[in-house]
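Novice: okay, predicted coordinates and the sequence, questions at the end:
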Amino acid sequence: MIATQTEEATDQVPARRMPLPGDPEDALIDEACRDLRLPAFRERFVELATAARREQATYKQFLLDLLQVEIADRDVRRQQRLVRAARFPRPKRLEDFDYETNPNVSPEVVADLKSPSWVQQGRPLVLIGDSGTGKSHLLIGVGTAIAEAGLSVRYTTTSALVNELAEAEAGRRLSSVIARYSKVDLLCLDEFGYLNLDKKGAKLLFQIFTEREECKATAVATNSPFAEWDKTFGDPRLCAAIADRITFRCTLIQTGTESYRFRITEAERRRP
């Protein structure tokens, strides 16, 4: 059917009636949408058909509207699927970060991190600051933005990752676990440096960074400045090798030392 019809063509070819609620065609269309796995198409076709009939839209416009609804729905479902796959412990968005409460963080720098370009370039992100300064909020918020941009993301804590690697090594599955982590576009590693690692744990973690170096992005949140990382890893040479891989071409955000969570709690306590 062409987008517009001449008066003569309209007289010769009777227009096909749009399906309306309660029509026998509805059940057939519903069944076809199920078979073709078009959930948004199936949910909205009656509504859009009614609107198209009221506005005297062409068949092509009606079809285009349906296809656009389906595409938009698939984009949303894919974003939701990628965010779920990241396994964030709680929902956090960059839009909710309070820059006035923590002026150490630059809104412009954070805004740039919403773009997936730095992840596609395999560049690291390092968030350094004391507890309560927003490191985890930023880490999860950045990860969520990247997942919604269509890239794969995985969140974990450093201790959980090291334990997973140790269990995999004991079960002779280490290579497969490392390969799985090496494929993720962005690895969000929280609580980096919170616990001291033995030499074995540090070596296992080093393998992850080596596999991802300069080809996959890694974001870490730590409360320890670079000068104190040797306490976490014990071995100075291993510490230097890990620091080199994390900091090369990295974006560094220092969230400061004053806990805004504590300030908010104190402000609420003082309210009448």
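Specialist: Sure, I can see it. Numbers count the residues shown, from 1 in each chain.
Novice: make it CA atoms for all contacts and neighbour counts henceforth
Specialist: Noted.
Novice: centre of the chain to stretch 206-225, how far?
Specialist: Centroid displacement of stretch 206-225 relative to its chain, using Cα atoms, centre = their mean, to the nearest Å, is 17 Å.
Novice: can you list contacts of that stretch?
Specialist: With contacts defined as Cα atoms under 8 Å, 6 or more residues apart in numbering, stretch 206-225 is touched by 118-131, 135-136, 139, 178, 181-194, 238, 242, 245-246.
Novice: in that stretch, what counts as buried?
Specialist: By neighbour count on 16 or more other Cα atoms under 10 Å, the buried set for stretch 206-225 is 206-209, 212-224.
Novice: returning to what we had before: now, of the contacts of stretch 206-225, which are buried?
Specialist: 118-119, 122-131, 135-136, 139, 178, 181-182, 184-194, 238, 242, 245-246.
Novice: so which of those residues are in helices?
Specialist: Among the buried ones among the contacts of stretch 206-225, DSSP state H puts Trp118, Val119, Lys135, Ser136, Leu139, Ile178, Tyr181, Ser182, Leu238, Ile242, Arg245, Ile246 in helices.
Novice: can you tell me the SS state at Leu197?
Specialist: Of the three states, Leu197 takes coil according to DSSP: H, G, I helix; E, B strand; the rest coil.
Novice: give me the pLDDT for it.
Specialist: The model reports Leu197 with a pLDDT of 84.
Novice: that one: how many residues sit nearby?
Specialist: When counting by other Cα atoms under 10 Å, one arrives at 19 neighbours for Leu197.
Novice: same thing with the one 5 residues further on?
Specialist: Residues within reach of Ala202, counting by other Cα under 10 Å, total 19.
Novice: from what I can see it touches Lys231, true?
Specialist: No. Under the criterion of Cα atoms under 8 Å, Ala202 makes no contact with Lys231, lying 11.3 Å away.
Novice: Thr218 and Val184, how far apart?
Specialist: Taking Cα to Cα, to the nearest Å as the criterion, Thr218 is separated from Val184 by 9 Å.
Novice: all strands of the stretch 151-272 of the chain, in order?
Specialist: 153-157, 186-192, 217-222, 251-256 (DSSP state E, counting those that start in this stretch).
Novice: oops, could you answer that again for the stretch 1-150 of the chain instead?
Specialist: Using DSSP E, counting those that start in this stretch, strands in the stretch 1-150 of the chain cover 125-129.
Novice: low-confidence ranges in it?
Specialist: For the stretch 1-150 of the chain, applying pLDDT under 70 flags the ranges 1-22.
Novice: for it, which segments are assigned as helices?
Specialist: Assigned by DSSP state H, counting those that start in this stretch, the helices in the stretch 1-150 of the chain fall at 7-12, 24-36, 39-55, 59-86, 107-112, 117-120, 135-148.
Novice: tell me, how many residues neighbour Ser259?
Specialist: Counted with other Cα under 10 Å, Ser259 comes out at 17.
Novice: and it, how far from Ser131?
Specialist: 6 Å.
Novice: how about Gly171, what does it touch?
Specialist: For Gly171, the contact set (Cα under 8 Å, 6+ apart) is empty.
Novice: mind checking how far it is from Asn104?
Specialist: In terms of Cα to Cα, Gly171 sits 44 Å off from Asn104.
Novice: domain parsing for the chain?
Specialist: The chain breaks down by automatic domain parsing into domains covering 7-82, 87-270.
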